[in-house]
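S.K.: return a 3D structure for these sequence lines:
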Amino acid sequence: MSYLHHLECSVCGGNFDPAILQTFCQNCQAPLLARYDLEQAQTGIDRDEISRRPKGMWRWREILPVFAQENMLFLGEGDTPLLRLYASGTELGLTQLYVKDESINPTGTFKARGLAAAVSKAKELGVTKVIIPTAGNAGGAMAAYAARGGMQAHIFMPADTPHANQYESQIVGAAIELVDGLISDAAKLAREKAATEGWFDVSTFKEPYRTEGKKIMGYELAEQFGWTLPDVIIYPTGGGTGLVGMWKAFNEMEALGWLESSHRPRLVAVQAAGCAPIIKAFEDGAKSSEFWNGAQTVAAGLRVPKSFADKIILDDLRASHGAAVAVSDEQLLAAQRFLASREGIFAAPEGAATLAGLMQLKEKGWVRPDERIVLFNTGTGLKYISAE
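M.R.: Numbers count the residues shown, from 1 in each chain. Just a heads-up that it's a prediction; the model follows:
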């Protein structure tokens, strides 16, 4: 069973009923976050028993939002490897460098986690038609889980979205529409179609449950480190669901009494220099970000001019005493080649951006040689191979 208790506005703290289909707080124009009865869960869940269950994201079902097992759409997501980067660490002078490799998830990216949770919960609440704007990977993941759940899927994506993302969405039955512009332009069209034709919009943070799937990365990381947490987590940040989700997971695990230490990691958001609204807001000391005009980068997943959860992302970065780093396309592509040639990992440009960000932080002396540092590779570089 799930210990899901209610949904809470991230700004005003208002409560919302999870038994009803919800989107976001209309008064605050802010995301809703799932809250669980952690006091009951503390006595009802055996942390070590979860570790003995069959692998996959849904082994954490008590702290995920879906109540009925038949609604848990599963394609093998979760339990991605935590790999020690021996060669890269030696070359960079870092003794405990790791990568959490999300590229082995269904559809090749971490988006599978969030969309598995969101589409499963939508199915449980009676939704039959889901719609999404996407830079590519979220659309492919949404389409796959919609197909698994017998639901219709409609996707709006920029016209320059990698061909692999377009094809993977179409082959599982989704209808796609290409948009001249950015994901923000696609989002406008998706909202209009959702409003006029009754589709349920699963855009980032426009519904409460994608964060829940992403937070399991934090649970897995703690488990893989023997229920302790690393010193630094470096994460590519577009919409920011993963950062928000993992910080939420750390709070939940502390409340459950599962962590062997109260030590928390410093979170680092990495964005492309051609689209860095979170970086600018963080450096300016602002509470929210401004829309980034003229967004441009080869890393499609980082071409997000403004996150709907920018306030939460900035709060979590500051609460963790973290940092925010912008990297050029040249730097992230060089890091992609570096990681591939030293470790045999063909990371997506978004994932490689974390290594480029780490190199900057090391030059500034922000990380120590002996710190336990985790990079997140959020997807496979195979998605970016041209069909031509």
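
S.K.: so A326 belongs to a strand, correct?
M.R.: Yes: assessed with DSSP: H, G, I helix; E, B strand; the rest coil, A326 lies in a strand.

S.K.: how close does it get to P236?
M.R.: Separation of A326 from P236 (Cβ to Cβ, to the nearest Å) stands at 12 Å. All C-beta atoms are positioned from the backbone trio N, CA, C, and that covers glycine.

S.K.: what sits in contact with each of those two?
M.R.: Common neighbours of A326 and P236 (criterion: Cβ atoms under 8 Å, 6 or more residues apart in numbering): V270, Q271.

S.K.: tell me which of those two has more neighbours.
M.R.: P236 (33 against 23; other Cβ atoms under 10 Å).

S.K.: with adjacent residues omitted, what lies nearest to that one?
M.R.: Counting by Cβ to Cβ, 6 or more residues apart in numbering, P236 lies nearest to E350, which is 4.1 Å off, once chain neighbours are set aside.

S.K.: please apply the same query to I373.
M.R.: Nearest to I373 is V232, by Cβ to Cβ, 6+ apart, at 4.5 Å.

S.K.: pLDDT value on that neighbour, please?
M.R.: The per-residue pLDDT reported for V232 equals 98.

S.K.: what about the strands in the chain?
M.R.: In the chain, the strands defined using DSSP state E lie at 4-9, 15-16, 32-36, 82-84, 96-101, 129-133, 152-158, 175-179, 200-201, 232-236, 266-272, 323-327, 372-377.

S.K.: compare these and give me the one nearest A340.
M.R.: Among those, strand 372-377 comes nearest to A340, with 10.9 Å by Cβ to Cβ.

S.K.: for that closest one, packing partners?
M.R.: On a contact count with 3 or more Cβ pairs under 8 Å, 6 or more residues apart in numbering; DSSP states H and E, strand 372-377 meets strand 96-101, strand 232-236, helix 349-363.

S.K.: out of the ones you listed, which is closest to E177?
M.R.: helix 349-363 (23.4 Å).

S.K.: next, the buried residues of that closest one.
M.R.: For helix 349-363, a neighbour-count test (16 or more other Cβ atoms under 10 Å) marks 349-362 as buried.

S.K.: for this protein, what are the low-confidence residue spans?
M.R.: Residues of the chain that meet the criterion pLDDT under 70 lie in 387-388.

S.K.: which residue is nearest the centroid of it?
M.R.: Nearest to the centroid of the C-alpha atoms of the chain, with distances taken as Cα atoms, centre = their mean, sits G242, at 3.2 Å.
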